[in-house]
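**Student:** attaching a predicted model along with its sequence, questions to come.
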Amino acid sequence: SSYIHANRVLYDIYSGDMESAYPTAICSEKFPMSKWLHVPPTVRGVTDREHWAVIYHVKWYGVESKLMNHYILGSKVKKWDLPFFDNGRLISAEMVEMFVTSVDYDIIKRCYSIEREEIIDTWINHLDYLPKGIIDYTLTLYERKTKLKNVKGMEEVYRASKANINALFGCCCTNIISQSSYFGNDLKWHNKPMTIDFVREKMDELRKSRTNCFSYSTGVFITAYCRRRTWGLVEALDASKMGIDEGVIYYDTDSIKAPKTDEFMRAMQEDNKRLDQKLQDMCEAHEIDFERTRPKDPSGISHPLGHWEIDGVYREFKTLGAKRYAHRDKFTNKLDITVSGVKNTTGVKALKDDIRNFRKDMIFGYDHSGKMTSVYCDEQSIFTFKDKNGIEYESHQRHGIVLQPTTYNMGIDPIFEQLWDDEIQKGE
């Protein structure tokens, strides 16, 4: 959420959506396909983006954003000195220490001014397309999902295809090495330390078992490639270039919301063309029919994989931060909300059909939030209950848990709110 647009009602806003973002990355991009090699930062492969994926352990000094939207997520920073955040994203800092992929590294170097860089460690891995079997399966699921939507008698196949294509990313990004625990002679649980030797041991076991066909690195780079595509539009539509009235308002994993401008439409079209070229290159390399990347729905309309399209036009739009926005459809006049932790269908009723009621510190009662909270009890009283046959039992269980209805308070990060106030004062 862009702080310069937050907490204001905006009008005539367009929403761009990327079709099947993660499956698109699986099919169009190249991924780390060998073992990661630890190398000195001076090795040539570190700068060869065509053939090598890179992970950097880096320190940056004197960091300051060049844009009014900010890329570095504070939760991903290992250490920092004197940072200044915009709703959790870094505006500036005296120093930040991070682990980043080569995809994110290039974006950060382009969008932040950095006085000094210290690369501590570097790992490289050879880039190539994923195996043909995985890409072929992904395209098959996408074809089914597109062709069978709303087709009578094929509902189950459609649902299965949609569920499986969404699950592909989950398979890639499942942590395959988990903490090991054991119960000792002292009658206590102990965790084995997550050392390099422990990780190598587990990796060797996985390779020998052949039960895992995905690499965690694939999942990491899938998200990096999707960030790069979305950020390309954010960067092109940043208020520092477009002006405040035409700048990007809100963006997410696979969507972007901004006033309709020629630049907005052009940025989506140009990114679609770049994607089509990447898909063509992949199809040639794997000998796959390119037309499989643009199946037609039952109405005969083509749906090119990964294309940006306008999926909503809003008469009114208001955002209060990440996963917190309300909008009124231009054509149906229906008001909707997206708030993480609140059911959309019931939560919108709390606004009483007025988008201005969507505001900071707003409290959604349980009737509107549909939210439950876990309540733990460690001092339960002895009680008696009956089973299905009417037989009584006396419970001496002291520990219990229950889900109880609760409210949802839309509190705002104080620093983010201060940025709002500063922007309002500038306007005045």
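**Tutor:** Cool, the structure landed.

**Student:** low-scoring pLDDT stretches of this protein, where are they?
**Tutor:** Within the chain, the segments meeting pLDDT under 70 span 421-428.

**Student:** spatially central residue in it, please.
**Tutor:** With distances taken as C-alpha atoms, centre = their mean, the residue of the chain nearest its centroid is Thr253 (4.5 Å).

**Student:** how is that residue assigned, secondary-structure-wise?
**Tutor:** Assigned by DSSP: H, G, I helix; E, B strand; the rest coil, the conformation of Thr253 is coil.

**Student:** quick check, it in contact with Ala21.
**Tutor:** Yes: with contacts counted by C-beta atoms under 8 Å, Thr253 reaches Ala21, the gap being 6.3 Å. For every residue, glycine as well, the C-beta is placed using N, CA and C.

**Student:** could you measure the residue nearest to the centre of the chain against Asp106, distance?
**Tutor:** As judged by C-beta to C-beta, to the nearest Å, Thr253 and Asp106 stand 19 Å apart.

**Student:** so Gln380, which of the three states?
**Tutor:** Using three-state DSSP, the structure places Gln380 in coil.

**Student:** burial of it, as a residue count?
**Tutor:** 12 (other C-beta atoms under 10 Å).

**Student:** surely it is in contact with Gln397?
**Tutor:** Yes: applying C-beta under 8 Å as the test, Gln380 and Gln397 come out as touching, 6.2 Å apart.

**Student:** list the contacts for Pro40?
**Tutor:** By C-beta atoms under 8 Å, 6 or more residues apart in numbering, the residues touching Pro40 are Thr122.

**Student:** quick one: contacts of stretch 288-296?
**Tutor:** With C-beta under 8 Å, 6+ apart as the test, stretch 288-296 has contacts from 27, 132, 135-136, 139, 142-143, 146-147, 279-280, 282-283, 302-305.

**Student:** now do stretch 218-229
**Tutor:** Stretch 218-229 is contacted from outside by 18, 21-22, 24-26, 29, 31-32, 53, 101, 103-104, 107, 130, 169, 172-174, 253-254, 271, 275, using C-beta under 8 Å, 6+ apart.

**Student:** do the same with stretch 254-261
**Tutor:** When contacts are defined by C-beta under 8 Å, 6+ apart, stretch 254-261 is touched by residues 10, 12-18, 21, 226, 230, 233-234, 237, 242, 245-251, 264, 311, 313-314, 317, 325.

**Student:** try 7 Å
**Tutor:** Under the contact criterion C-beta atoms under 7 Å, 6 or more residues apart in numbering, stretch 254-261 has outside partners 12-18, 21, 226, 230, 233-234, 237, 245-250, 264, 317.
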